[in-house]
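Undergrad: sequence and predicted model, in that order:
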Amino acid sequence: MPRTNLSSPTASTAVSWDPDLPAPGGLCSIHQPNLFPRLTTLAKLFAADYWIVLDDVQFTRRDYQHRARLAALGDPLQRQWLSIPTCLPGGRRTAIRNALIVDPMRSRRRTMQILWQYFGSSPHWPALDQALVPVLDLFTTTDKTADVTEASTRILLDLLGWKGQVLRSSRLAARPGRSQRLADLAAVTGARSYLCGTGGMKYLEADLFTSRGITVTPFRTPTAGGWDSGRAISALRALMLLGPPALADALRAVAADQDESRPAV
């Protein structure tokens, strides 16, 4: 995909719009690739019209870019990290897209073993088991951690019936700076609104969006019920407890509650 000229106003790009980009006027979510993401992260992506995979920023080992915290079906406090051992060929400055799996075949076996251990007893396991095939296959065809982690999120969105589009930030033009990069990515894809999680709202410079005609929509999830651990554990537990149709209904309800007219704070 050719990089779009950032100096061009968003409104003027409709005449020569890149067919690989989403239709202008969508709700945009920007997030790093995570391994089997947390429920709150999955809900934010599900609520968006498209997800820009933030793959050209620095890899962070203490984040969720190569690991997921799993919780047992019968006890959400019984938890374990599922991690993909990852090396950084460029040291600490290595971009997410360049991080490498240390031992792909061992990681593949361990991933399948732990997922079965935690969720194999669920009546919804067969659906996940089948969806996992392309993710596990990637361990044999790529050495990139981000390829696997992005795919692990895609299969969950697919199971939930999400019809959105996935783009990668490394193929789009954006300037450095935490808020500047996000604003540029939203603008170059023609977003009408940027869906921002509670963590992002703490540092986001909303004026960089509003000056380009893009609203910032704070994304909030419930705090009761299964959502009380939604920021800590993988969405896999909710998926295996409820099943794809019921979880999709729950995420649609959360998406419907987002008030796009609410001003950013």
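TA: Now that the structure is in, tell me what you want to look at. Numbers count the residues shown, from 1 in each chain.
Undergrad: who touches Q58 in this structure?
TA: By Cβ atoms under 8 Å, 6 or more residues apart in numbering, the contact set of Q58 is 92-96. Any C-beta I mention is one placed from the backbone N, CA and C, and that applies to glycine too.
Undergrad: now the residues you listed in JSON lines, with distance to D228, pLDDT and secondary structure?
TA: Output for the contacts of Q58, formatted as JSON lines (distance: Cβ to Cβ, whole Å; pLDDT from 0 to 100; DSSP: H, G, I helix; E, B strand; the rest coil):
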{"residue": "R92", "distance to D228": "34", "pLDDT": "93", "secondary structure": "helix"}
{"residue": "R93", "distance to D228": "37", "pLDDT": "95", "secondary structure": "helix"}
{"residue": "T94", "distance to D228": "35", "pLDDT": "98", "secondary structure": "coil"}
{"residue": "A95", "distance to D228": "34", "pLDDT": "97", "secondary structure": "strand"}
{"residue": "I96", "distance to D228": "29", "pLDDT": "98", "secondary structure": "helix"}
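Undergrad: would you map the helices across the chain?
TA: 39-47, 104-119, 125-131, 133-141, 145-159, 178-188, 198-201, 207-210, 236-242, 244-256 (DSSP state H).
Undergrad: in this structure, which helix or strand is least confident?
TA: When the helices and strands of the chain are scored by mean pLDDT, DSSP states H and E, helix 198-201 comes last with a mean of 87.
Undergrad: packing partners for that one?
TA: With contacts taken as 3 or more Cβ pairs under 8 Å, 6 or more residues apart in numbering; DSSP states H and E, helix 198-201 sits against strand 215-218.
Undergrad: isn't T215 right up against C196?
TA: No. Counting by Cβ atoms under 8 Å, T215 does not reach C196; the two are 10.1 Å apart.
Undergrad: of the contacts of Q58, buried ones?
TA: 94-96 (16 or more other Cβ atoms under 10 Å).
Undergrad: buried set for stretch 222-236?
TA: Those would be 226-227, 229-230, 233-236, for stretch 222-236 by 16+ other Cβ under 10 Å.
Undergrad: before we move on, what about stretch 191-204?
TA: Those would be 191-197, 200, 204, for stretch 191-204 by 16+ other Cβ under 10 Å.
Undergrad: which of those residues fall in strands?
TA: Residues of these located in strands (DSSP state E): 193-196.
Undergrad: would JSON lines of the residues you listed with distance to R175 and pLDDT be doable?
TA: What follows is those, written out as JSON lines (distance: Cβ to Cβ, whole Å; pLDDT from 0 to 100):
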{"residue": "S193", "distance to R175": "20", "pLDDT": "97"}
{"residue": "Y194", "distance to R175": "16", "pLDDT": "97"}
{"residue": "L195", "distance to R175": "21", "pLDDT": "96"}
{"residue": "C196", "distance to R175": "18", "pLDDT": "95"}
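Undergrad: between these, which is nearest P123?
TA: Using Cβ to Cβ, L195 comes nearest to P123 of these, at 32.2 Å.
Undergrad: so how far is A255 from that closest one?
TA: Shown here: L195 relative to A255, a distance of 9 Å by Cβ to Cβ, to the nearest Å.
Undergrad: next, show the common contact partners of those two.
TA: A47.
Undergrad: show me the shaky parts of this protein.
TA: The model of the chain has pLDDT under 70 over residues 1-17, 259-265.
Undergrad: still on that earlier bit, please work out which of the helices of the chain is packed deepest.
TA: Greatest average neighbour count among these goes to helix 39-47 (a mean of 25), per mean count of other Cβ atoms under 10 Å.
Undergrad: now do that one against helix 145-159, angle only.
TA: 70 degrees (axes from the mean of the first three to the mean of the last three Cα atoms, to 10 degrees).
Undergrad: kindly export helix 39-47 (C-alpha atoms) in CSV.
TA: C-alpha atoms of helix 39-47 as CSV (Å, rounded to 0.1, in the frame of the first residue of the first chain):
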residue,chain,number,x,y,z
LEU,A,39,-11.5,-8.7,27.3
THR,A,40,-11.4,-4.9,27.5
THR,A,41,-9.0,-4.8,24.6
LEU,A,42,-11.1,-7.2,22.5
ALA,A,43,-14.2,-5.2,23.3
LYS,A,44,-12.6,-2.0,22.0
LEU,A,45,-11.5,-3.6,18.8
PHE,A,46,-14.9,-5.2,18.3
ALA,A,47,-16.6,-1.8,18.7
